[in-house]
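K.L.:
show me how the following folds:
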Amino acid sequence: MAHGGLATAVFYQIYPQSFYDANGDGIGDLAGIIAKLDYIKSLRCTAIWLNPIFDSPFGDAGYDVRDFRKVAPRYGTNADLKCLFKEAHSRNLHVVLDLVAGHTSVEHPWFKASAKATRNRYSDYYIWTSSVWQNAAGLPQVNGYSNRDGNYVTNFFWFQPALNYGFAKPDPAQTWQQPLDAPGPRAVKAELKTMMQFWLDQGCDGFRVDMASSLIRNDPGGYGIKNFWREIRGWLDKDYPEAVLISEWSNPKQAIGAGFHVDFMIHCGEPAYQMLCNPWGEVRGGTKVHGGYFHREKPDNLEGFLSNYLAHYRATRKAGFISLPTGNHDFARFGHGRSNAEQRVFYALLLTMPGVPFIYYGDEIGLPFQEGLTSKEGAYSRTGTRTPMQWKNGRNAGFSKAAAKRLYLPVQTRTDRPTVESAEANPDSLLHLVRHLLALRCKYDALGNLGAFKPLRMEGGAVNVPFVYQRGKGKKAIVVAINSSSKIIRATLPLEVARKPLLAENVEVIGRNLCMQPVSYGVFSV
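P.N.:
Residues are numbered from 1 along each chain as shown. Presented below is the predicted three-dimensional model:
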């Protein structure tokens with residue numbers, strides 16, 4: 001998939017415990033995903049990214065792995081995952097697993113052995129200080145965990161000890177900091193490759209790497225981490241040339257330069273996605289205020305977004321792909337507090353941009369962010385974006401046959417809640433718009449992942465609206481116009497487009513004169 005497949009790839013991200021419960025225990029499972037593969041295929045998606053499905057105590061929703069080679073029993077078995085690979089492949093769908101490379105659970109056998117006072121094979125698999133009285137030089141740490149005389153470094157929560165990939169420039173005063181070529185870091189890297197190989201041999205099509213840029217410490221310039229992933233990429237290109245590597249890095253110039261095929265622009269430092277939609281929003285006086293380009297009363301940051309995006313796009317377009325996803329499990333859903341029209345314009349933009357599209361489950365029907373939920377498995381403020389998929393009217397919105405109190409998280413109780421069933425029945429639904437946009441993307445290479453991208457300067461438009469850009473491949477060119485504001489916008493296009501749009505809502509073009517109603521979009525052939 002990694003080469004030709006990515007040129008036309010569209011990913012669907014699944015939070016497995018919230019997608020579909022096939023066995024009635026209140027938690028989504030692998031059998032449930034298999035049951036919905038035809039639905040995913042109907043969206044014109046070509047690949048699936050699964051959030052972690054490995055055995056875990058689930059202190060952090062599976063990002064605290066206890067056994068990298070075992071499927072968590074609540075999802076099924078290794079045989080079920082292998083069956084998912086087979087069933088997906090029979091539909092020309094690929095499956096990418098979440099690779100938690102930087103840490104494990106404290107319940108992982110490696111860490112249990114590493115925490116022992118006596119030296120053993122796993123003592124240096126994690127980062128420990130030399131003494132319990134010694135801090136970790138500014139790194140997050142847990143003190144006094146076991147009889148081992150030292151403190152361990154964590155990556156996120158206290159129960160996620162950081163694996164030891166070494167320090168690019170160890171501090172001589174901190175004798176516990178090991179160089180990259182020390183036995184411990186070398187052994188951990190070998191374990192990572194062995195685990196990846198295990199699942200690739202079962203039929204996995206690649207990995208999305210959690211916190212991909214964070215593995216190596218004291219790494220000025222990032223040379224250590226870039227060389228690390230280039231080595232992994234070189235191994236994959238040789239032994240598993242179709243495997244795809246997707247990074248949680250949010251710096252495509254660095255990530256793709258380090259060997260990844262795809263990188264997201266969504267968080268971890270790069271503000272491009274926030275400039276578009278500010279997915280968390282800003283709370284003022286108890287009211288959530290949305291910023292970014294998709295703030296209909298005051299769209300801003302378009303120039304900032306374009307400057308940032310174009311710098312990464314120009315540096316990576318011949319080597320890999322940028323993804324602007326509809327959202328993910330770490331962000332409030334885009335539709336929270338926004339109208340259906342605003343969501344439609346948002347997807348019109350995202351699904352006509354270059355790079356690899358990623359659709360977070362439920363975004364295609366406007367699944368809402370649920371406020372006020374008690375934290376579940378370390379989600380805290382993210383809990384409301386991880387609620388069950390709503391499939392149909394009736395009990396538990398079709399997610400599960402379990403009693404409501406047993407559900408992983410509650411479904412929305414409103415009578416007008418969005419469901420796949422209601423969306424299928426409504427030809428003007430967000431679901432059908434997503435299908436139309438992806439059909440256009442499939443039909444016209446100019447709109448595809450590899451099509452060229454060129455922002456167009458408008459005569460008479462405001463500073464931030466409309467956002468008009470040209471996509472192209474070969475002799476074919478397509479123009480997309482986006483008005484995210486609450487105002488009627490009139491402007492002059494720098495080139496003439498077909499009067500009849502390929503797809504549009506509330507937009508009119510006569511010659512080169514463009515008239516856009518509030519919160520509108522148009523896709524035009526040149």
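K.L.:
isn't Leu43 right up against Glu364?
P.N.:
Yes: between Leu43 and Glu364 there is a contact at 6.3 Å, judged by C-beta atoms under 8 Å. (Each C-beta comes from the backbone N, C-alpha and C, glycine too.)
K.L.:
Asn396: what secondary structure?
P.N.:
Here Asn396 takes the helix state, with states given by DSSP: H, G, I helix; E, B strand; the rest coil.
K.L.:
so how far is Arg333 from it?
P.N.:
19 Å (C-beta to C-beta, to the nearest Å).
K.L.:
settle it for me: which of these two has more neighbours?
P.N.:
Arg333 (24 against 20; other C-beta atoms under 10 Å).
K.L.:
identify the residues contacting the one helix or strand Asp80 maps to?
P.N.:
Per DSSP states H and E, Asp80 falls inside helix 78-90. Applying C-beta atoms under 8 Å, 6 or more residues apart in numbering, the contact partners of helix 78-90 are 29-31, 33-34, 37, 48, 53, 69-71, 75, 94-95, 202-205.
K.L.:
now intersect these with the helices, please.
P.N.:
Mapping the contacts of helix 78-90 onto helices (DSSP state H) picks out 30-31, 33-34, 37, 202.
K.L.:
now, which of those sits nearest Trp229?
P.N.:
Nearest to Trp229 among those: Gln202, at 22.5 Å, using C-beta to C-beta.
K.L.:
tell me the spacing between the closest residue to that closest one other than its chain neighbours and Phe321.
P.N.:
Spatial nearest neighbour of Gln202, chain neighbours left out: Lys82 (5.2 Å); criterion: C-beta to C-beta, 6 or more residues apart in numbering. As judged by C-beta to C-beta, Lys82 and Phe321 stand 28 Å apart.
K.L.:
neighbour count winner among the two?
P.N.:
Phe321 (24 against 16).
K.L.:
specify the beta-bridge partners of that one.
P.N.:
With DSSP bridges as the criterion, Phe321 is bridged to Val262.
K.L.:
I figured it hits Leu6, correct?
P.N.:
Yes: using C-beta under 8 Å, Phe321 is in contact with Leu6, at 6.1 Å.
K.L.:
so where's the stretch 251-400 of the chain shaky on pLDDT?
P.N.:
267-291 (pLDDT under 70).
K.L.:
now the strands for it?
P.N.:
For the stretch 251-400 of the chain, applying DSSP state E, counting those that start in this stretch gives strands covering 262-264, 282-284, 287-289, 321-323, 358-360.
K.L.:
how about the stretch 401-526 of the chain?
P.N.:
For the stretch 401-526 of the chain, the strands defined by DSSP E, counting those that start in this stretch cover 452-455, 467-473, 476-483, 489-492, 503-510, 513-525.
K.L.:
and the second one with strand 476-483, angle?
P.N.:
Yep, that's strand 467-473 we're talking about. Going by axes from the mean of the first three to the mean of the last three C-alpha atoms, to 10 degrees, strand 467-473 is angled at 160 degrees with respect to strand 476-483.
K.L.:
ditto for the last one
P.N.:
Going by the same axes, to 10 degrees, strand 513-525 is angled at 130 degrees with respect to strand 476-483.
K.L.:
break down the protein into its helices, ranges please.
P.N.:
30-35, 37-42, 78-90, 109-114, 183-202, 223-239, 252-257, 272-277, 302-316, 340-350, 420-425, 430-443.
K.L.:
can I see the domain layout of the chain?
P.N.:
Segmentation of the chain into domains, based on automatic domain parsing, reads 103-164, 452-525.
K.L.:
of all those domains, which lies closest to Tyr313?
P.N.:
Closest approach to Tyr313 among these is made by domain 452-525 (6.4 Å; C-beta to C-beta).
K.L.:
what about Ala439, how many residues nearby?
P.N.:
Going by other C-beta under 10 Å, the residues that sit close to Ala439 add up to 12.
K.L.:
by mean pLDDT, point me to the weakest helix or strand of the chain.
P.N.:
strand 282-284 (a mean of 37; mean pLDDT, DSSP states H and E).
K.L.:
for the residue nearest the centre of the chain, what are its contacts?
P.N.:
Central residue of the chain (C-alpha atoms, centre = their mean): Asn328, 5.1 Å from the mean position. Shown in contact with Asn328 (C-beta under 8 Å, 6+ apart): 13, 264, 266, 358, 360.
K.L.:
any idea how far it lies from Ser18?
P.N.:
13 Å.
K.L.:
likewise Ala47?
P.N.:
Ala47 sits 19 Å away from Ser18, taking C-beta to C-beta as the criterion.
K.L.:
how about Arg317?
P.N.:
Applying C-beta to C-beta, the value for Arg317 to Ser18 is 34 Å.
K.L.:
looking at these two, which one has more neighbours?
P.N.:
Applying other C-beta under 10 Å to Arg317 and Ser18 shows that Ser18 carries more neighbours, namely 27 against 17.
K.L.:
what's the local residue count around the closest residue in space to that one that isn't next to it in sequence?
P.N.:
Once flanking residues are discounted, Ser18 sits nearest to Pro388: 4.8 Å by C-beta to C-beta, 6+ apart. Number of residues near Pro388 (other C-beta under 10 Å) recorded here: 29.
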